[in-house]
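Q: Kindly generate the corresponding structure for this input.
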Amino acid sequence: MIKKFDKKDEESGKIKRVFSVLKQKVCFYLQARIFNETPINPRRCLHILTKIIYLLNQGEHFGTTEATEAFFAMTRLFQSNDQTLRRMCYLTIKEMANISEDVIIVTSSLTKDMTGKEDVYRGPAIRALCRITDTTMLQAIERYMKQAIVDKVPSVSSSALVSSLHMVKMSYDVVKRWVNEAQEAASSDNIMVQYHALGLLYHLRKNDRLAVTKMLNKFTKSGLKSPFAYCMLIRIASKLLDETEGGHDSPLFDFIESCLRNKNEMVVYEAASAIVHMPNCTARELAPAVSVLQLFCSSPKAALRYAAVRTLNKVAMKHPSAVTACNLDLENLITDSNRSIATLAITTLLKTGSESSVDRLMKQISSFVSEISDEFKVRRFFQFAFSKITHRYLVSLYRYNIATQKIAILWKPAMKTCRL
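A: The predicted structure follows:
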């Protein structure tokens, strides 16, 4: 028998949770004194820092005074050489930066780690330092940031680039002076460094259309090693085409189309998706992208199959004739083990099929409908798909096919939608 909970039980549950949190906070303040012990016990300190981060991520509020005291006590942990403890300190500093006062006291310790010889500390130290740095302090660490951006260690360079990207909103004029270093990092052999450098360059120039165009021309001609950077270039080019209302004979469109022949599947899909979402794109211009998506429909990777069929589903809304060539591949996906893929394949086929093919499709999916669960929202999918089929096909199907009661139940709301 299911137990019924009334208002009193609910209130008592809330009270228990509140007292549990208070108890955790009290224990935390008492245990934070362990930071002052000599010698430092890394294991116990790690446990307390984990509790702090847990409570903060649960949305619990810490008083400014108590948080500042804990922050001061935590600075002693920089005396320990334990790598795990040091990295946990960086995380806690970032989390407590907004609720503690006088966070500037750790600047010297972080700067020392940032410029030290231990590469494992340098990247996290840069991220933590930039998290607590304000506009007045930024110029003091500008020289270190420039050096870090062009550092030979990829993790250090990426940390500096991403931190610079976060600081663009806070101090655009200062970060803009680091463009030369960012351009040098953009020629790095490391795929993540190149990607982060391109991201920083774009955000520094995004308000200047001419500068963005020059940047695109430079990188599209020279080429990139990072597939992530290629994906970003495709998005930037697509956005610029949309803003300038550039035609499909534009060099930017040619670049996006050339990415359909890239070796990396991620870049190929990004290019296909960009072409599909372009306004005023004809069926002829969509053909190369649809051909690529058709190949992805038979990929052994579920993620690629899902991405392809979802994109084809969107294409079928405006250009159903362009997707007709993929019908055979989509029919094979009806029996896919992934129900999301199978559902999208069915709805796409319902939009692109003829009267005879839709009638045949109904016979194939009768068993599928009985097996599928409500969590996939099949009814809504089918209603939308049926509403896109012409009046004539719906009438014919409704009169002709009495396959199963479940199919009929799905038809009736769709028939009402089309006002039959």
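Q: which other helices and strands contact the helix or strand where Ser238 lies?
A: Following DSSP states H and E, one finds Ser238 within helix 227-244. Applying 3 or more CB pairs under 8 Å, 6 or more residues apart in numbering; DSSP states H and E, one finds that helix 227-244 contacts helix 191-205, helix 209-222, helix 251-258, helix 265-276. The C-beta positions use only the backbone N, C-alpha and C, and glycine is treated the same way.
Q: could you dump the ones you listed to TSV with mean neighbour count and mean pLDDT?
A: Below are the helices and strands packed on helix 227-244 laid out as TSV (neighbours: other CB atoms under 10 Å; pLDDT from 0 to 100):
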stretch	mean neighbour count	mean pLDDT
helix 191-205	22	94
helix 209-222	15	89
helix 251-258	18	90
helix 265-276	22	94
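Q: Is it possible to get the ones you listed out as TSV so that each row also shows distance to Leu49?
A: Below are the helices and strands packed on helix 227-244 laid out as TSV (distance: least, CB to CB, whole Å):
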stretch	distance to Leu49
helix 191-205	27
helix 209-222	42
helix 251-258	47
helix 265-276	36
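Q: Out of those helices, which is closest to Gln147?
A: Closest to Gln147 of the helices and strands packed on helix 227-244, according to CB to CB: helix 191-205, at 14.5 Å.
Q: How far does the closest one sit from its chain's centre?
A: Centroid separation for helix 191-205 versus its chain: 16 Å, with CA atoms, centre = their mean, to the nearest Å.
Q: tell me which residues in stretch 239-254 are buried?
A: Using 16 or more other CB atoms under 10 Å as the test for burial, stretch 239-254 gives Leu240, Leu241, His248, Leu252, Phe253.
Q: try stretch 167-180
A: Those would be Met167, Ser171, Val174, Val175, Trp178, for stretch 167-180 by 16+ other CB under 10 Å.
Q: In terms of helices and strands, where is the closest residue to Phe62 other than its chain neighbours?
A: Leaving out its chain neighbours, the residue that sits closest to Phe62 by CB to CB, 6 or more residues apart in numbering is Ile99, at 5.5 Å. Under DSSP H and E, no helix or strand contains Ile99.
Q: Quick check: the gap between Ile99 and Phe78.
A: Separation of Ile99 from Phe78 (CB to CB, to the nearest Å): 20 Å.
Q: repeat for Arg127
A: Taking CB to CB, one finds Arg127 at 16 Å from Phe78.
Q: And Leu56, by the same measure?
A: Taking CB to CB as the measure, Leu56 and Phe78 are separated by 20 Å.
Q: Which parts of the stretch 51-200 of the chain are helices?
A: Assigned by DSSP state H, counting those that start in this stretch, the stretch 51-200 of the chain shows helices spanning 64-74, 83-96, 107-114, 119-132, 135-138, 142-149, 154-167, 172-175, 179-185, 191-205.
Q: So for Ile52, which of the helices and strands packed on helix 227-244 sits nearest?
A: Closest approach to Ile52 among the helices and strands packed on helix 227-244 (CB to CB): helix 191-205, 29.0 Å.
Q: The closest one relative to helix 142-149, how many degrees between them?
A: 140 degrees (axes from the mean of the first three to the mean of the last three CA atoms, to 10 degrees).
Q: Mind listing residues that contact helix 191-205?
A: Contacts with helix 191-205, where a contact means CB atoms under 8 Å, 6 or more residues apart in numbering, come from 149, 154, 157-158, 161-162, 164-165, 168, 172, 175-176, 178-179, 182-183, 185-188, 211-212, 215, 219, 224-229, 232-233, 236.
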